[in-house]
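> only the shape, not the letters, is given here:
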């Protein structure tokens, strides 16, 4: 909360108590003054803490891969239930009721589920299940006896597992939230604010949103880089949980852009990325993939991986995504250490304008209500 709002939120109850004491001192009970003087500031303080905890969070994206998928066959069971029925008339001629038990057959439709290496699970459609089953290429699916207390349909399950071959991997992306004190701070760590006009001028690339609930593009640019994207997706799935690592490649037309200022502008446009992200910017010839310029950024204290990748790409005339990801896979265990954002908790964070207005409004309304309560 900004200091003027803090001062107002405390001053409003104090001024109100003074005015009420001067005008209607004997009439208003002591507990009303206590509620205004201590209750209102306490309430605004708690609301401020809650809002600050909520708004100072950012979304990061976690790579994972499917370890197994399971098909659960439909089945049914008899379920004991209760119902109320009429039970004749009483001595006054009023209808009596009683509760009785009965069995009802409940049908459970087929289900399709997935499991991942990071413990995330979920349901998928039949179409997705059949497609993933084809990718996993499990020649020996496991039949699982469910041992259910069924009625007439005894549904079991069939499980297909990943065999460890990267060519049969199904990479997924999941959202997660983390505390980010830099988000609303005035720290020197925050870059310049890039508006849409500046982004258009330098042909900057927007941060990729989730293409669907389980997928986010990791190679982005003005063209289609789906083949590169698949390679990077698998890299992120393998390294994501082990090293808290996620890689993005932003591709520029090297014939139309230069490393400076494009790289610095893109870095600021993405707010230097999330804490688990390694972002590589490259300028290539769209026709030949000739590597014209390159640079990378992350939040690591020691940019060792950035240096290794820079040296690796400097020796290459053309960009080869498979070679790069193999190189990074070897280097991440020794050259990558995700930065802990808890070290920024000392920063003086600012709340957004809407939050300041809300807190001030809450202080005014609760003070008025408490004053009216004392006058009644």
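Done, it's in. Computed from a prediction, not measured in an experiment: that's the story for all the values here.
> what's in contact with stretch 127-144?
For stretch 127-144, contacts defined as Cβ atoms under 8 Å, 6 or more residues apart in numbering pick out 66, 69-71, 112, 114, 124, 156-163, 168, 170. In this view, the C-beta of every residue, glycine as well, is placed from N, C-alpha and C.
> which of the residues you listed are buried?
Buried members of the contacts of stretch 127-144, counted by 16 or more other Cβ atoms under 10 Å: 66, 69-71, 112, 114, 124, 157, 159-162, 170.
> for the spatially closest residue to residue 321 that is not a sequence neighbour, grab the count of nearby residues.
Closest residue to residue 321 apart from its sequence neighbours, by Cβ to Cβ, 6 or more residues apart in numbering: residue 228 at 4.2 Å. Using other Cβ atoms under 10 Å, the number of residues around residue 228 comes to 21.
> contacts only, for residue 228.
Neighbouring residues of residue 228 by Cβ under 8 Å, 6+ apart: 219, 249, 251, 321.
> mark which of those residues are part of strands, please.
Members of the contacts of residue 228 lying in strands (criterion: DSSP state E): 219, 249, 251.
> bridging residues for the first one?
What it means is residue 219. Residue 219 has these beta-bridge partners by DSSP bridges: residue 249.
> what's the local residue count around it?
Per other Cβ under 10 Å, the neighbour tally for residue 219 reads 23.
> and for the second one?
A total of 25 residues lie near residue 249 under the criterion other Cβ under 10 Å.
> dump the residue contacts of it.
By Cβ under 8 Å, 6+ apart, the residues touching residue 249 are 218, 219, 220, 225, 228, 232, 279, 280, 281, 282, 321.
> partners of residue 111 in the sheet?
Note on residue 111: beta-bridge partners by DSSP bridges are residue 72.
> thought residue 69 was touching it, still the case?
No - using Cβ atoms under 8 Å, residue 111 is not in contact with residue 69, being 11.1 Å away.
> which one of the contacts of residue 249 is nearest to residue 81?
Nearest to residue 81 among those is residue 218, at 50.6 Å by Cβ to Cβ.
> now do stretch 68-80: distance from first to last residue.
With Cα to Cα, to the nearest Å applied, stretch 68-80 spans 34 Å between its terminal residues.
> can you list contacts of that stretch?
With contacts defined as Cβ under 8 Å, 6+ apart, stretch 68-80 is touched by 101-115, 124, 129, 132-133, 136, 144, 146, 148-162.
> just to revisit the earlier point, narrow the buried ones among the contacts of stretch 127-144 to those in strands?
The strands, defined by DSSP E, take in 66, 69, 70, 71, 112, 114, 157, 159, 160, 161 from those.
> kindly state the pLDDT recorded for the fourth one?
The reference is to residue 71. As predicted, residue 71 sits at a pLDDT of 97.
> what about the helices in the stretch 51-200 of the chain?
With DSSP state H, counting those that start in this stretch as the criterion, the stretch 51-200 of the chain has helices at 126-136, 196-201.
> and of those, who's closest to residue 120?
helix 126-136 (14.8 Å).
> how big is the angle separating that closest one from strand 157-161?
For helix 126-136 against strand 157-161, the angle between stretch directions is 40 degrees (axes from the mean of the first three to the mean of the last three Cα atoms, to 10 degrees).
> show me which positions of helix 126-136 end up buried.
Buried residues in helix 126-136, counted by 16+ other Cβ under 10 Å: 129, 132, 133, 136.
> ok, now stretch 316-328?
Here stretch 316-328 shows 319, 320, 321, 324, 325, 328 as buried, counting by 16+ other Cβ under 10 Å.
> can you redo the residues you listed as TSV with distance to residue 50 and pLDDT?
Formatted as TSV, these follow (distance: Cβ to Cβ, whole Å; pLDDT from 0 to 100):
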residue	distance to residue 50	pLDDT
319	47	97
320	50	97
321	44	97
324	44	98
325	42	97
328	40	98
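> and which of these is nearest to residue 84?
Taking Cβ to Cβ as the measure, residue 84 lies nearest residue 325 of those, at 65.8 Å.
> the helix or strand of the chain with the lowest mean pLDDT: which residues count as buried?
Lowest by mean pLDDT, DSSP states H and E among the helices and strands of the chain is helix 3-24, with a mean of 74. If you call a residue buried by 16+ other Cβ under 10 Å, then helix 3-24 has these buried ones: 5, 6, 8, 9, 10, 12, 13, 16, 17, 20.
> may I see the residues you listed arranged in JSON lines, with distance to residue 273 as well?
As requested, the buried residues of helix 3-24 are arranged in JSON lines below (distance: Cβ to Cβ, whole Å):
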{"residue": "5", "distance to residue 273": "31"}
{"residue": "6", "distance to residue 273": "32"}
{"residue": "8", "distance to residue 273": "37"}
{"residue": "9", "distance to residue 273": "35"}
{"residue": "10", "distance to residue 273": "39"}
{"residue": "12", "distance to residue 273": "41"}
{"residue": "13", "distance to residue 273": "43"}
{"residue": "16", "distance to residue 273": "47"}
{"residue": "17", "distance to residue 273": "49"}
{"residue": "20", "distance to residue 273": "53"}
